[in-house]
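> Give me coordinates for this.
(2 chains)
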Number of protein chains: 2
Amino acid sequence: MKEMILELIEQGKYAEVRNKITEMNEVDIAQLLEETDKHKLLVIFRILPKDVAAGVFSYISYELQRYIVESITDSEIKNILDELFLDDTIDFLEEMPSNIVKRVLKNADETTRKLINQFLNYPENSAGSIMTIEYVDLKKEMTVKQALQHIKETGIDKETIDTCYILDDSRKLEGVISIRKLILSDESVVIKDIMDADVIYVNTHDKQEEIAALFKKYDFLSMPVVDNERRLVGIVTIDDIVDVIEQENTEDFQKMAAIQPSEKEYLKTNALVLAKHRITWLLVLMLSATFTGNIIKKFDEVLQSIVILASFIPMLMNTGGNAGSQSSALIIRGLSLGEIRARDFLKVLWKEIQVSCIVGVVLAAVNFVRIYYFEKAGFLVSATVCLTLFFTIMLAKVIGGLLPIMAKKLKLDPAIMAGPLITTVVDAVTLTIYFTIATWLLDI
Amino acid sequence: MKEMILELIEQGKYAEVRNKITEMNEVDIAQLLEETDKHKLLVIFRILPKDVAAGVFSYISYELQRYIVESITDSEIKNILDELFLDDTIDFLEEMPSNIVKRVLKNADETTRKLINQFLNYPENSAGSIMTIEYVDLKKEMTVKQALQHIKETGIDKETIDTCYILDDSRKLEGVISIRKLILSDESVVIKDIMDADVIYVNTHDKQEEIAALFKKYDFLSMPVVDNERRLVGIVTIDDIVDVIEQENTEDFQKMAAIQPSEKEYLKTNALVLAKHRITWLLVLMLSATFTGNIIKKFDEVLQSIVILASFIPMLMNTGGNAGSQSSALIIRGLSLGEIRARDFLKVLWKEIQVSCIVGVVLAAVNFVRIYYFEKAGFLVSATVCLTLFFTIMLAKVIGGLLPIMAKKLKLDPAIMAGPLITTVVDAVTLTIYFTIATWLLDI
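Below is the predicted model:
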């Protein structure tokens, strides 16, 4: 397809290109543009019908959006702005340098300019920052017939008509109705009698992850956003919520790997920024690990007298770290999905104690066989290692399970209490147990 | 609300309960049932209108579904089955023991029974296992008016009417049309002329994560599922895809923490099963770590002669592990979102080399100041530790960045190449570098 279109451009057959390309999905056209070299890209973009061009524009990367806006005329910018949904305009402007934002605002009409400025002021990751204003509003006195007629007249410019919003004269939200209910109802029925007045809505300043949770709970396709006077100011749609869900998950993955969260794609971020996001946590954890080193220093006669003990340190530290990371990962995920709540503290404690007993016994037993029978390390040394392993797993799992819940209780982000931090904490505990048992059992 | 309803039940005012409760959202009724004790729960459930009861049934936990089905009569089961969407029936049956499945099948009519058996046979996590059959089908010869009339007559039992599917006489998929286009079009237009014939569809056996990727790419609300002859057999809707996305993310979180993935909620899984999911990887990693122990054993004269070297081992191993986990987490996430592809191997390599140089220099410098000036460990020891730290970070980041991509190339799951495994690999490398540099610099 791509080759064919490029060839048609080569031959100057623009009408044919236009025919071919408008049969394609906007997402696919966007992908085609991403893979086309820059001057041909502009040719293709200018061939597109106005509404398709705006749709495609909302799907291309910020780099390409910037290139296009810098290359086209003011009146072309105006055309795109007219067709673009407001949430896509805001997404785009938030990523542009100020000279481009200024140029775009200059080309917007008065009302749009005011709206854009208002929307750009909503806090990042709030309902206001992801909502759009292209919704259908109805009056409760309308009949179904009038409502459908109203939708027919105004629906073309709306992002969705699946749910319509019933507003009073001061634009306060009074109810919602689905297009499905409208179509399935008798034409003469009045909206008031069939609308759902028990509307679940969010406020412009509500956080996007809370809104995503409501979408997941109620299987919504869209949700109304109101201001402090319950006036409807916009709607959030499921396609943006899917992005929010993935963004929140990415953030958790990053935090759990001790990286400062960033929304920017890896390959599009330069090395200095990537390094900056990683260095703080590495420094903190590195300096904390010196604490563990001090424990070794403190017990160095133990190591001096039985050198073989040193060779089990990596295995003990690793297994402790892994056992703790497993628990913390499960609890962090459970908390973020709402399956575990802060008040389940004791349940989690009890569960981790049971699990760690089973896991601890099995791992210690396997390890004993290996050390005593295969490495022939002597009974007391083997016993020291295996007892330490058991207690380490026990403590690691309890610490790993409870720290995320405690973070939640303290209104901190549980995702911080993941593998890297747990490992550092568990390391110190492991070595203390190890040397204490060694001193006691091996009589050093 | 809950208290009020329970009080009304206490007083035997069932009509009022019914009025109050049917104003509530089905999800909220389900939550009310979860929190109500068991015999009152049945009273409330039986008060619900048939269609609401089915909706609520699809939102309660499997434990409660099982309790209800075991407590109600055959004819009540039949009522629920009639109203339940097929995908919810399948979700429910997949979790029930065979005696309940048999009883439900006995109460289903012939057609439904056949369908259930067919759907239960689709592979787990395939399109077939998450699709439903309650879609609207149209013919391409219909006018918009006829189509809307058809929807009005049949739409009540459909899961969604937002997208309608155009089938030929052998039920082959010929096109799709959105309800929006139908409403905005003139009544006399023929469907054929306005339908979208370039349909993006999936096959019954396609994997759910691939379907989720298509939903994310194209912002779909639903997608058609066809068999090998391109006959429409069902549709997948966005609410189920949101669940798939969260399920796939949970799986990645679990794999990255070295846990066998499981779909069951933590608090509802017993300790033995939880232990089973964790033990395999812990064992594998524990035994691999003995390899690291052997390196220490091999170099024990080095440790003997300069004992202070041992105290830096935890810090070096930890920092190496963390540096590697950071890179692998970013790459695994990038791969799973499709932002990084296997062919970006060299780009990732180059980026990680740059990042690790920056991070390595900073961390080594901080560490040198601490060891040389504060711990007064001597220049050569400090230099040994800091050089090791630099090379460890370098290698950890390159290994952490490249192993997930290599897994992808080998068609393995990149999520396996996360923190725990990376740490084990990096530990061995770290110690080898450490002792090599020590032997060379400290002339042991």
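
> Surely residue A:299 is in contact with residue A:435?
Yes. Between residue A:299 and residue A:435 there is a contact under C-beta atoms under 8 Å: 4.0 Å. In short, each C-beta sits where N, CA and C put it, glycine included.

> can you list the domains in chain A?
By the assignment in automatic domain parsing, chain A contains the domains A:2-121, A:136-236, A:266-441.

> Burial-wise, tell me which of these comes out on top.
Of all these, domain A:266-441 has the most neighbours on average by mean count of other C-beta atoms under 10 Å in any protein chain shown, namely a mean of 21.

> Residue in the stretch 1-150 of chain A with the shortest distance to chain B?
With C-beta to the nearest C-beta, the shortest gap between the stretch 1-150 of chain A and chain B falls at residue A:27, namely 5.1 Å.

> what's the helix or strand for that residue?
Residue A:27 is part of helix A:26-34 when elements are defined by DSSP states H and E.

> After that helix, heading C-terminal, what element do we hit next?
Sequence order places helix A:38-47 as the next helix or strand after helix A:26-34, per DSSP H and E.

> angle of that next one against helix A:26-34?
150 degrees (axes from the mean of the first three to the mean of the last three C-alpha atoms, to 10 degrees).

> And the contacts of helix A:38-47?
For helix A:38-47, the external contacting residues (C-beta atoms under 8 Å, 6 or more residues apart in numbering or on different chains) are A:5-6, A:9, A:14, A:17-18, A:21, A:29, A:32-33, A:36, A:53, A:56, A:64, A:67-68, A:71-72, A:76.

> Low-confidence stretches in the stretch 51-200 of chain A?
By pLDDT under 70, the stretch 51-200 of chain A contains no weakly predicted segment.

> tell me which element residue A:176 is part of?
Under the criterion DSSP H and E, the helix or strand holding residue A:176 is strand A:173-178.

> before we move on, back to that, ok now the helix holding residue A:27, how far from the chain's centre?
Mean-position distance between helix A:26-34 and its chain equals 24 Å (C-alpha atoms, centre = their mean, to the nearest Å).

> Ok, stretch A:142-149 next?
With C-alpha atoms, centre = their mean, you get 40 Å for stretch A:142-149.

> cool, and stretch A:129-140?
25 Å.

> ends of that stretch, how far apart?
Using C-alpha to C-alpha, to the nearest Å, the end-to-end distance of stretch A:129-140 comes out at 29 Å.

> hmm, that stretch touching chain B?
No. Stretch A:129-140 does not reach chain B (C-beta under 8 Å from any C-beta of the partner chain); its nearest approach is 10.3 Å.

> returning to that earlier point: against which helices or strands is the helix holding residue A:27 packed?
When contacts are defined as 3 or more C-beta pairs under 8 Å, 6 or more residues apart in numbering or on different chains; DSSP states H and E, helix A:26-34 sits against helix A:38-47, helix A:50-59.

> Let me see the residues that make contact with that helix.
For helix A:26-34, the external contacting residues (C-beta under 8 Å, 6+ apart) are A:1-2, A:5, A:21, A:24, A:41, A:44-45, A:48, A:52, A:55-56, A:59-61, A:64, B:217-219.

> For it, what does the pLDDT average out to?
Average pLDDT, helix A:26-34: 88.

> can I have it written out in PDB, keeping just the CAs?
Taking Å, rounded to 0.1, in the frame of the first residue of the first chain, the C-alpha atoms of helix A:26-34 are listed here in PDB:
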ATOM      1  CA  GLU A  26      -6.800   7.400  10.000                       C
ATOM      2  CA  VAL A  27      -4.500   5.400  12.300                       C
ATOM      3  CA  ASP A  28      -3.000   3.700   9.300                       C
ATOM      4  CA  ILE A  29      -2.500   7.000   7.400                       C
ATOM      5  CA  ALA A  30      -0.800   8.400  10.400                       C
ATOM      6  CA  GLN A  31       1.600   5.400  10.400                       C
ATOM      7  CA  LEU A  32       2.200   5.800   6.700                       C
ATOM      8  CA  LEU A  33       3.200   9.500   7.300                       C
ATOM      9  CA  GLU A  34       5.600   8.400  10.100                       C
END
